[in-house]
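Chemist: Could you look at this predicted model? Sequence included:
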Amino acid sequence: MGAGHSHGSHRAGRGGDGEAALEVPRGPRLTLLTSLAVAGIAALIGLVLLWPDGAEVERITEDVSFAAPGVTFPTATVDSIHAPCTSAEIGSDSDCGRIEITVSDGAGKGDQATIQVSPQVVDSGLAAGDTVRLQRIPGDGGADPTYTYFGTERGGPVLVLLLVFVVLVLVVARWRGLFALIGLAFSGLVIWRFVLPALLTGGSGVAVALTAAALIMFVVLYTTHGFSLRTSAALAGTLVGVLVTAGIGILATSATRLNGVADEQAGILSALVGDLSFQELFACAAIVAGLGVLNDVTITQSSAVWELRAASPSMGRAELFASGMRIGRDHIASTIYTIVFAYAGTALAVLLILRLYGLPWDVLLTTEDITQEIVRTLASSIGLVLAVPLTTGIATLVVARAEPLVE
């Protein structure tokens with residue numbers, strides 16, 4: 001960045017996105033960048049302090065065994081499929097509802113067996129020639145092993161879908177898409193290598209989530225949108241929005257007495273990792289779940305303010321903020337729908353079950369499943385709504401006295 005202007009301002013030249021050359025006041029710029037530097041240092045300190053003990057993570061994972069010793073998971077090819085059982089055939093010696101398989105890879109390669117599958121597996125479109133994953137339990141005293149259905153191999157279709165996604169992103173978004181994919185990969189790495197192990201070893205869910213969110217947003221925003229004051233303003237708004245979401249999530253979790261245990265997976269975790277705080281886990285999930293939408297809103301608001309300033313350099317600070325907020329209100333309305341529909345989609349099975357119960361709404365609100373989704377949705381939405389004026393205000397201050405450069 002260049003030296004100062006005679007009035008204590010900074011010259012931001014035309015960027016790769018066609019960003020107009022503007023005079024940016026030094027005071028707000030230094031305040032913004034200093035605040036982000038402090039946030040970045042805090043995130044790095046949090047990463048060091050909360051980094052999980054590798055030996056402890058290994059001990060926990062070794063103590064938790066998915067299957068008994070000797071049990072393996074070979075793959076097999078489906079040779080034929082029998083029709084699902086009728087009500088009269090259930091419990092009989094009929095081969096209905098079973099599939100004939102030949103082990104194609106792994107322990108017991110070449111073995112042939114007939115295994116039982118649920119009607120849903122057959123109805124999913126399973127056909128001869130498909131590949132399935134089996135659970136192989138060795139027999140005692142030289143007896144034949146026992147095979148059971150574990151799952152259908154879906155790696156091929158998923159890989160094709162992933163490749164289509166990557167190619168389309170690169171073709172449509174080009175370099176911006178490539179950097180977005182890099183940011184996405186970094187996000188996955190942070191969650192897998194830091195967030196999950198830290199939670200398993202007893203780390204504070206809120207502290208872990210805030211640290212991870214800051215690290216992810218710093219990398220994702222700057223790699224995707226470039227190093228600029230526009231991006232920095234969006235990053236500041238995002239971080240404040242994350243803090244608001246975390247605060248609302250903590251208060252709401254405490255006020256509603258949520259215990260964080262609402263499904264079978266939580267029950268399994270409770271049995272496997274006894275000292276895991278599910279309230280902390282729920283708060284962590286609420287923070288991480290809102291990152292993507294929050295990032296989308298803040299970068300849009302920052303860009304809107306920048307473009308408004310470039311289009312109308314003489315516009316006053318209040319008018320600039322008001323114009324940015326008119327754009328933000330439309331974005332808030334559409335994004336809230338996105339959040340609500342996303343959570344409704346993930347909880348659709350639970351909603352169907354509760355709908356069948358026919359209970360009144362005030363009773364449904366006392367169930368852990370529904371209350372968790374409501375709290376998570378509202379916490380994310382409140383953080384999102386407040387991030388819009390906050391980001392707009394930050395961006396407005398940064399370019400408040402901007403004027404076109406005189407060449």
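Modeler: That came through, no problem.

Chemist: Where does pLDDT dip in the stretch 51-200 of the chain?
Modeler: Low-confidence segments of the stretch 51-200 of the chain (pLDDT under 70): 63-68, 85-95.

Chemist: Please, where are all the helices along it?
Modeler: Ranges of helices in the stretch 51-200 of the chain, per DSSP state H, counting those that start in this stretch, are 54-63, 119-123, 155-190, 196-200.

Chemist: May I see those helices arranged in JSON lines, with mean neighbour count and distance to residue 282 as well?
Modeler: Glycine gets a C-beta too; all of them are placed from N, C-alpha and C. Converted to JSON lines, the helices of the stretch 51-200 of the chain look like this (neighbours: other C-beta atoms under 10 Å; distance: least, C-beta to C-beta, whole Å):
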{"stretch": "helix 54-63", "mean neighbour count": "12", "distance to residue 282": "20"}
{"stretch": "helix 119-123", "mean neighbour count": "13", "distance to residue 282": "30"}
{"stretch": "helix 155-190", "mean neighbour count": "13", "distance to residue 282": "19"}
{"stretch": "helix 196-200", "mean neighbour count": "20", "distance to residue 282": "11"}
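
Chemist: out of these, nearest to residue 399?
Modeler: Closest approach to residue 399 among the helices of the stretch 51-200 of the chain (C-beta to C-beta): helix 155-190, 22.3 Å.

Chemist: Could you verify my assumption that residue 288 touches residue 209?
Modeler: Yes - if you go by C-beta atoms under 8 Å, residue 288 and residue 209 touch, sitting 5.8 Å apart.

Chemist: Give me the more crowded residue out of these two.
Modeler: Legend: neighbour count by other C-beta atoms under 10 Å for residue 288 and residue 209, higher for residue 209 (28 against 21).

Chemist: For that one, give its distance to residue 215.
Modeler: Distance of residue 209 to residue 215, computed by C-beta to C-beta, to the nearest Å: 11 Å.

Chemist: List the contacts of stretch 363-382.
Modeler: Stretch 363-382 is contacted by residues 244-245, 248-249, 252-253, 256, 258-263, 282, 285-286, 289-290, 293-294, 336, 339-340, 343-344, 347, 350-351, 354 when judged by C-beta atoms under 8 Å, 6 or more residues apart in numbering.

Chemist: Tell me where the protein has strands.
Modeler: Applying DSSP state E to the chain gives strands spanning 9-12, 22-25, 75-81, 98-105, 112-116, 131-137, 146-152.

Chemist: can you put these in TSV and add distance to residue 42 and mean neighbour count?
Modeler: Formatted as TSV, the strands of the chain follow (distance: least, C-beta to C-beta, whole Å; neighbours: other C-beta atoms under 10 Å):
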stretch	distance to residue 42	mean neighbour count
strand 9-12	25	20
strand 22-25	25	21
strand 75-81	47	18
strand 98-105	49	18
strand 112-116	54	16
strand 131-137	44	19
strand 146-152	43	15
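
Chemist: burial of residue 305, as a residue count?
Modeler: So residue 305, with other C-beta under 10 Å, has 30 neighbours.

Chemist: Enumerate every residue touching it.
Modeler: By C-beta under 8 Å, 6+ apart, the contact set of residue 305 is 233, 320-321, 324, 392, 395-396, 399.

Chemist: From these, which shows the smallest pLDDT?
Modeler: pLDDT across the contacts of residue 305 is at its lowest for residue 399, which sits at 76.

Chemist: I figured that one hits residue 306, correct?
Modeler: Yes - shown here, residue 399 and residue 306 form a contact pair, counting by C-beta under 8 Å, at 6.5 Å.

Chemist: Could you check how far the most centrally placed residue in the chain is from residue 317?
Modeler: Closest to where the C-alpha atoms of the chain average out (C-alpha atoms, centre = their mean) is residue 289, at 5.0 Å. Between residue 289 and residue 317 the distance is 34 Å, computed by C-beta to C-beta.

Chemist: Next: residue 204.
Modeler: Distance, residue 204 to residue 317, by C-beta to C-beta: 40 Å.

Chemist: show me the residues around residue 342 that make contact.
Modeler: By C-beta under 8 Å, 6+ apart, no residues touch residue 342.

Chemist: mind checking how far it is from residue 371?
Modeler: According to C-beta to C-beta, residue 342 and residue 371 sit 18 Å apart.

Chemist: Extract the residue ranges of the stretch 301-407 of the chain that are flagged as low pLDDT.
Modeler: Per-residue confidence for the stretch 301-407 of the chain (pLDDT under 70) gives these ranges: 359, 364-365, 400-407.
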